[in-house]
Each structure stands twice: as C-alpha cells, then as structure tokens.
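[1] Got a predicted model here, sequence first, then my questions.
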Amino acid sequence: MIEARGLTKRYGAKTAVDDISFTVEPGQVTGFLGPNGAGKSTTMRMIVGLDRPTDGEVTVNGKHYAEHKAPLREVGALLEAKAVHTGRSATNHLRALAATHGIGRKRVDEVIEMTGLAAVARKRAGGFSLGMGQRLGIASAMLGDPRTLILDEPVNGLDPDGVRWVRTMVRYLADEGRTVFLSSHLMSEMAITADRLIVIGRGKIVATGDVQDVIDSATKSTVRVRTPQATDLAARLQSDGVTVTSVEPSLLDVDGLTAPQVGEAALAGGIVLHELTPQRASLEDAFMTLTAGDVEYHSQAVPEHSEGPAAGQQPDASTLEGANR
Ligand SMILES: Nc1ncnc2c1ncn2[C@@H]1O[C@H](COP(=O)(O)OP(=O)(O)OP(=O)(O)O)[C@@H](O)[C@H]1O
C-alpha cells in the first residue's frame, strides 16, 4: 500500500506537487494520469526516495522507503530514464543489482524468463531497443519479488505484443494481492488496464475513483436517435433535466434519458425510430474535461484538411460515433 499525506514538492518558485493525499490499495491496478508536467514522475520519485518532499510525507507498506531494511523486496520501481550500465549484458546488470541486495541468481533467471528477455539476455544492454530497455527495467523492478510496484510509463516504446504483456502482467500481480501503481499516456490502454485512477493536473489531484466513476463524473452520457419524426420526438422528450439537441434534420442527441426511456417515449407517441444508440464517453473525453485548465503545454489546433468537411458542415454520424467510442 502507498499512502501520501499532504505531499508537496517545490523546485524554487515552481510547485510540482501541491499538497496531495491519496492511497494506493493492494490487490488493484491503480493508474496515475495527468498531462505533461502535471507532477506524476515527481510523485513517483518521492515514493521511492529519489526526491525529498518539501512538505508532507509518503509511505510504502507503512514505512518511508528509506526505512525499509530490504527496499527492493518491498518496492520495485521502473522510473523514466532508467540508468543501465551500457557495457553490461542484461544478465550481468541484473546479477549486479541482485548481488547488492542479497538476491540469488535463480531469481535473476526467473525475471529474465518472465519478461521475455531470454533471447537477448547475454547481449549488451546499451544496444537494446527502447522496448527491450523497458522490459529490462521491468525485470529490475520485479527482481526483489516486491509487494508494491511503481511503473512510470511501462508501455512506452513497447509494440502491441509488449503492451498486452504489460497489461496481463500487472493484472496478474494485482490479483496476487500486490499494489500496482502505474502511469501511462495511453488512455485507451489505461481504461482497460486500471481498476482505479488518480488524475493529477498542475500538481493537484483532480479526480480519483474507479475508472467508470471517473469517466461518468466528468462526462455526459447521451443517446443518439435517428427518426424521420425528429420534431415530434423532440417535443415529447423535452422536460426538466432533459436536453435534446438536433444534430441534423433527422438526428437527435438526448441528454438526461436512457436509451430504453427514449424508445418507450417514441413507442407511446407512435414515432418510428431508425437508430437508438447510447453514446458512451471515453476515458480520453473525461481526461480532456478534467485537465482542461491544467495543461502546461498547449497544442495549436490542426488546420482543417482541404478534403475534409467544409467549414460549418455537420460531420456525418459515423464520424461522430467513431469519435465517441
Ligand atoms: N528537477 C527539477 N527542477 C525544476 N523543475 C522540475 C524538476 N523536475 C520536475 N520539474 C517540474 O515540475 C513539474 C512536474 O514535472 P513531472 O516530471 O513530475 O511531471 P510529469 O507529470 O511526470 O510529466 P510528463 O508526463 O511530461 O513526464 C514540471 O513543470 C517540471 O518542469
């Protein structure tokens, strides 16, 4: 378990992490999300004692990282820019790390096997691809068979097979009762992998909870209805707490009713429906809403493609549906 209370980190005038408190529970995969510069890496570095908090504290399995007699057995961490001795093979790198922590060679062989590094284990780690380097970083984190794992961008640089492998591995480790805390920029991946989320923006927590609760708290679920009697249906549905938006002449978006409620209202009015689709917001939609004011580096809008829809023209339903998936 990881427990942070009033955790704060200032670099001069810059407050990177601003008085945050959270708990990361065992037996679950907890995702750590935030825009660039939000304070994720700084928080993770403080958890493993690489940065000292300006204020507040953070403990892992009940103690500060430095107080653990065998920290590698308590906490395994993959942090960005993992330093690997470039001249050493993966095996020798892991053996050296194991030796300084009283871990046997058998465990080195196990983590090499577990992380799919067997074929390249004798090769110089300095020549590894980004993906192989990530696997080696994960192998190092797993070396002490720790109860808590902290993984900063573990799927960075991995191919789809590697991404799936990380997803399966963290699920397995959480199911074994371990605490798994990971950050990722890949929203769709996070939505599949994590049970719970901590969302951070400009050093402050902006949302926490189960993945679906975080999505629901930040987005609206609407129902898309296609009918040749759109005006009649809109008039029937309009009431307190229900908003009906006309997307195009025979297409409505209804906010405030479920798809069955819309279907039943249509039946009661003798209105024929050609489409009735609940529109589920994605984690990416929720993330954009939650962190809208917290982005440090804003992007410019991409200019419209000359072959795209003309300005002012409504996108067709397939475009909208695709965007909402
Ligand atoms: N050593 C440092 N000195 C000064 N400022 C720092 C230092 N480390 C981080 N910062 C600043 O603190 C803020 C948080 O940085 P951090 O790396 O924790 O963000 P992050 O959420 O991990 O971002 P990213 O997703 O880009 O990795 C940023 O504004 C960053 O520029």
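    Received the coordinates, thanks.
[2] Buried residues, stretch 15-29. List them.
    15, 16, 17, 18, 20, 22, 24, 26, 28, 29 (16 or more other Cβ atoms under 10 Å). Heads up, the C-betas are built off the backbone N, CA and C, glycines and all.
[3] scratch that, stretch 278-288
    So stretch 278-288, judged by 16+ other Cβ under 10 Å, has buried residues 279, 281, 282, 283, 284, 285, 286, 287, 288.
[4] In which helix or strand does the closest residue in space to the fourth one that isn't next to it in sequence reside?
    What sits nearest to residue 283 in space, not counting adjacent residues and going by Cβ to Cβ, 6 or more residues apart in numbering, is residue 191, at 4.1 Å. Counting by DSSP states H and E, the element that carries residue 191 is helix 187-193.
[5] Okay, now the sheet partners of whichever helix or strand comes after that helix, with direction.
    Heading C-terminal from helix 187-193, the first helix or strand you meet, by DSSP H and E, is strand 196-201. Next to strand 196-201 in the sheet, as set by DSSP bridges, lie strand 28-33 (parallel), strand 204-210 (antiparallel).
[6] Mind putting those strands into a markdown table with distance to residue 181?
    As requested, the strands paired with strand 196-201 are arranged in a markdown table below (distance: least, Cβ to Cβ, whole Å):
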| stretch | distance to residue 181 |
| --- | --- |
| strand 28-33 | 5 |
| strand 204-210 | 13 |
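[7] Please identify which of the ones you listed is closest to residue 187.
    strand 28-33 (7.7 Å; Cβ to Cβ).
[8] Run the chain-centre distance for that closest one.
    Averaging C-alpha positions (Cα atoms, centre = their mean, to the nearest Å) puts strand 28-33 6 Å from its chain's average.
[9] closest to the ligand out of the strands paired with strand 196-201?
    With Cβ to the nearest ligand atom, the closest approach to the ligand among those belongs to strand 28-33: 8.5 Å.
[10] helix or strand for the closest residue to residue 254 other than its chain neighbours, which one?
    Closest residue in space to residue 254, ignoring its immediate chain neighbours: residue 223 at 4.5 Å, by Cβ to Cβ, 6+ apart. Assigned by DSSP H and E, residue 223 belongs to strand 222-226.
[11] what sits up against that strand?
    Residues from elsewhere that reach strand 222-226 (Cβ atoms under 8 Å, 6 or more residues apart in numbering): 233, 247, 250-255, 257-259, 262, 266, 273-279, 317, 320-321.
[12] average model confidence for it?
    Strand 222-226 carries an average pLDDT of 95.
[13] Could you tell me how far it lies from the centre of the chain?
    That offset, for strand 222-226, works out to 29 Å (Cα atoms, centre = their mean).
[14] Could you do stretch 41-49 as well?
    17 Å.
[15] Mean confidence (pLDDT) on that stretch, please.
    Throughout stretch 41-49, pLDDT has a mean value of 95.
[16] With residue 172 as the reference, measure out to the nearest residue to residue 281 once chain neighbours are set aside.
    Nearest residue to residue 281, sequence neighbours excluded (Cβ to Cβ, 6+ apart): residue 219, at 3.4 Å. Plainly put, residue 219 is 30 Å away from residue 172 if you go by Cβ to Cβ, to the nearest Å.
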